[in-house]
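A.B. asks: here are the coordinates; sequence isn't available:
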């Protein structure tokens, strides 16, 4: 099956479905795309790798979910700033063998995600390669001065997370294990079809609820230190309050669930801090997603965990760093799919 | 040599050198970058692959030139719209073996290009991979309504190109051949360190000189048909007027030079059309770069070439399409480095 570049671009273009009011004045087909920025907004920019062998496996992950997830995780960076997405650029490199059904399914998943996240395809680049390589750049916007950075956390702020942590990692473990997974299993869906918390992020930013925010992509034990370092503070987490996978669904011990919640990646939930005087404005859940206080920001720049048995200890770092020596990445490597590192 | 993600990001960040007045409110280190759009401008967006084995060879192209060129070719898409660049995002995937000297040299070339093109690094993504994978997204801007598209050419418009065509391809041939190349040889530099025509493009757009424009990345015989198709027109080229590599420097026959000029890629010169009533406003050269009329836009939607011996014939297509059957890509494949396809 031979596919010309023109045919390939035509098919990618058909997946673009740009609305008139999107502000995209020029989409796929010229040297570059043109976007009309909205007055009173700043532009948010984020690029994310999604690579075969690193972020997904060609023979384990269906093309539809690869299409969905490559966009979802890039949009999550926009949500983490408190912004909304405007459009995205897709850079796709695929083998000739994948220009047929695989591409159709990939584009179907991508299109569903683009509609769901109100983030149309505006341009990109295609070429042929041995491996399936994906890079997604999402362009978003946030009201001028309202972006939530990692650096805004202050001592005594309360640390919150959205959703339940460790679900995506458990979904990944199940994908690699022999366990049968029920259709609709939340851990399965969270691994394959994560949903970035766009409206929650925007509310926290526009109503000036949170002081700092980021998304959880590499795992709480890797990401929280980044927020603390950017803010020049420390944190004390309480293990008993961390929202894990619902125990009776998983068949796992409480301590295993905590381990997943601390070190599992790919959840794309929001981690944010709130001034203690403002926590009363937070509902217990937002659009059905639980919001949970899991600890407190401290002046001392170290991270401690009050474990399930109540004794305080230093927080073990367990998320993924692709440039860290292998033995410290055992959890992720044992699953064969590594999480990502973002500058 | 083990490099942590943090160390890698620190080194990439050091190459960013963001000026205060760049409009980048937040660079590397958070979930995403923040850019303040300028009032009265539209945002230009372009992503480009630069992949080992496809666009460069690890053992033939020095890291410094890979750093320069990956940015130059993406900036060229901004120039092709008549805009200026604001900032770029770098997505870099490299083997552990390349996090030392190779990375230093790559970043040095990238930094030189970023300064030259006034296009600071604002963010991106890094990870580890078997091959060296690069994706660059450049964000540019153009005065509202002034962008030059591929679709604006009209019958009787005069077709122009900047610079000399085929130089980069000859540089590539020399890289692969055994010929020694003098330092400062223009074909060598053009292959390794192309310079996008930013100020020329901006002048043609802002002063409303050109009617349509694109950059020459895949070769005149591949790119001109794209401009014609977008505009719904045809073109007649005159071989004798096409500015080739200077003959006495190359040791090649005139017909070989023409072949290089028609089908060679990677020149990153501008191809543009001008209403016949406005050609008088064009100087013979712009900032030292020759501007040459090479043909005319026609109503009939086919492409013809008046060859050196004067007899009109259909223009043979010879540039690179990664999804075209291999035998039609002989020129590019024989050099082992393929040119790129952009949607």
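C.D. replies: Cool, got the structure. Owing to the predicted nature of the structure, the values given are computational and were not obtained by experimental measurement.

A.B. asks: show me where the stretch 201-343 of chain A has helices.
C.D. replies: Remark: helices assigned in the stretch 201-343 of chain A by DSSP state H, counting those that start in this stretch are A:220-231, A:247-250, A:254-263, A:330-335.

A.B. asks: would you turn these into JSON lines with mean neighbour count and distance to chain B?
C.D. replies: Every C-beta, even on glycine, is put in place using the N, C-alpha and C of the backbone. Supplementary listing: the helices of the stretch 201-343 of chain A in JSON lines, determined by neighbours: other C-beta atoms under 10 Å in any protein chain shown; distance: least, C-beta to the nearest C-beta, whole Å:
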{"stretch": "helix A:220-231", "mean neighbour count": "22", "distance to chain B": "7"}
{"stretch": "helix A:247-250", "mean neighbour count": "12", "distance to chain B": "29"}
{"stretch": "helix A:254-263", "mean neighbour count": "20", "distance to chain B": "16"}
{"stretch": "helix A:330-335", "mean neighbour count": "16", "distance to chain B": "12"}
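
A.B. asks: right, and those helices - which one's nearest residue B:311?
C.D. replies: helix A:330-335 (65.2 Å; C-beta to C-beta).

A.B. asks: circling back to that earlier point, JSON lines for the helices of the stretch 201-343 of chain A, including mean pLDDT and distance to residue B:110?
C.D. replies: Shown next, in JSON lines, are those (pLDDT from 0 to 100; distance: least, C-beta to C-beta, whole Å):
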{"stretch": "helix A:220-231", "mean pLDDT": "95", "distance to residue B:110": "24"}
{"stretch": "helix A:247-250", "mean pLDDT": "70", "distance to residue B:110": "46"}
{"stretch": "helix A:254-263", "mean pLDDT": "91", "distance to residue B:110": "34"}
{"stretch": "helix A:330-335", "mean pLDDT": "34", "distance to residue B:110": "29"}
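
A.B. asks: For residue A:10, which of those is the nearest?
C.D. replies: Minimum separation from residue A:10 across the helices of the stretch 201-343 of chain A (C-beta to C-beta) falls at helix A:330-335, 37.0 Å.

A.B. asks: wait, which of the helices of the stretch 201-343 of chain A is closest to residue A:65?
C.D. replies: Residue A:65 lies closest to helix A:330-335 among the helices of the stretch 201-343 of chain A, at 15.8 Å (C-beta to C-beta).

A.B. asks: could you dump the helices of the stretch 201-343 of chain A to CSV with distance to residue A:152?
C.D. replies: Shown next, in CSV, are the helices of the stretch 201-343 of chain A (distance: least, C-beta to C-beta, whole Å):
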stretch, distance to residue A:152
helix A:220-231, 6
helix A:247-250, 34
helix A:254-263, 23
helix A:330-335, 29
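
A.B. asks: So which residues on the stretch 101-250 of chain A come close to chain B?
C.D. replies: Neighbours of chain B within the stretch 101-250 of chain A, by C-beta under 8 Å from any C-beta of the partner chain: A:122-131, A:133, A:135, A:137, A:139-140, A:142, A:144, A:147, A:149-151, A:214-215, A:230.

A.B. asks: Tell me which entries of those residues lie within strands.
C.D. replies: A:122-128, A:133, A:135, A:137, A:139-140, A:142, A:214-215 (DSSP state E).

A.B. asks: Check those residues and tell me the two furthest apart.
C.D. replies: Distance extremes for those: the farthest pair is A:128 and A:142 at 36.8 Å, using C-beta to C-beta.

A.B. asks: Spatially central residue in chain A, please.
C.D. replies: Centroid check for chain A by C-alpha atoms, centre = their mean gives residue A:268 as the closest residue, at 3.4 Å.

A.B. asks: from memory that one sits against residue A:200, does it?
C.D. replies: No - if you go by C-beta atoms under 8 Å, residue A:268 and residue A:200 don't touch, sitting 11.5 Å apart.

A.B. asks: Residue A:280 and chain B, how far apart?
C.D. replies: The gap separating residue A:280 from chain B is 27 Å, by C-beta to the nearest C-beta, to the nearest Å.

A.B. asks: Model confidence at that residue, what's the number?
C.D. replies: On the pLDDT scale, residue A:280 is placed at 96.

A.B. asks: swap in residue A:325?
C.D. replies: 46.

A.B. asks: Report the contact partners of residue A:279.
C.D. replies: Residues near residue A:279 by C-beta atoms under 8 Å, 6 or more residues apart in numbering or on different chains: A:158, A:293.

A.B. asks: these two touch, right, residue A:35 and residue B:37?
C.D. replies: No - assessed by C-beta under 8 Å, residue A:35 is found out of contact with residue B:37, at 9.1 Å.

A.B. asks: Overlap of the contact sets of the two?
C.D. replies: With C-beta under 8 Å, 6+ apart as the test, residue A:35 and residue B:37 both reach residue B:43.

A.B. asks: Can you check which helix is longest in chain A?
C.D. replies: Secondary structure of chain A read by DSSP state H shows that its longest helix is helix A:63-80.

A.B. asks: Thought residue A:205 was touching residue A:213, still the case?
C.D. replies: Yes - if you go by C-beta under 8 Å, residue A:213 and residue A:205 touch, sitting 7.4 Å apart.

A.B. asks: how close does residue A:254 get to residue A:309?
C.D. replies: As judged by C-beta to C-beta, to the nearest Å, residue A:254 and residue A:309 stand 11 Å apart.

A.B. asks: Can you list the buried residues in stretch A:287-306?
C.D. replies: A:291-292, A:294-298, A:303-306 (16 or more other C-beta atoms under 10 Å in any protein chain shown).

A.B. asks: err, stretch A:191-207, not the other one
C.D. replies: Quick answer for stretch A:191-207 (16+ other C-beta under 10 Å): A:191-198, A:200-202, A:204-205.

A.B. asks: same thing with stretch A:162-176?
C.D. replies: A:162-175.

A.B. asks: Just the residues you listed: which are in helices?
C.D. replies: A:167-175.

A.B. asks: circling back: from the residues of the stretch 101-250 of chain A next to chain B, list just the buried residues.
C.D. replies: The neighbour-count test (16+ other C-beta under 10 Å) marks A:122-129, A:131, A:133, A:135, A:137, A:139-140, A:142, A:147, A:149-151, A:214-215, A:230 as buried among those.

A.B. asks: what is the rounded mean pLDDT of stretch A:111-123?
C.D. replies: The average pLDDT for stretch A:111-123 rounds to 94.

A.B. asks: what's the span of it from first residue to last?
C.D. replies: End-to-end distance for stretch A:111-123: 14 Å, by C-alpha to C-alpha, to the nearest Å.

A.B. asks: Doesn't residue A:61 lie inside a helix?
C.D. replies: No - under DSSP: H, G, I helix; E, B strand; the rest coil, residue A:61 sits outside any helix and is assigned coil.
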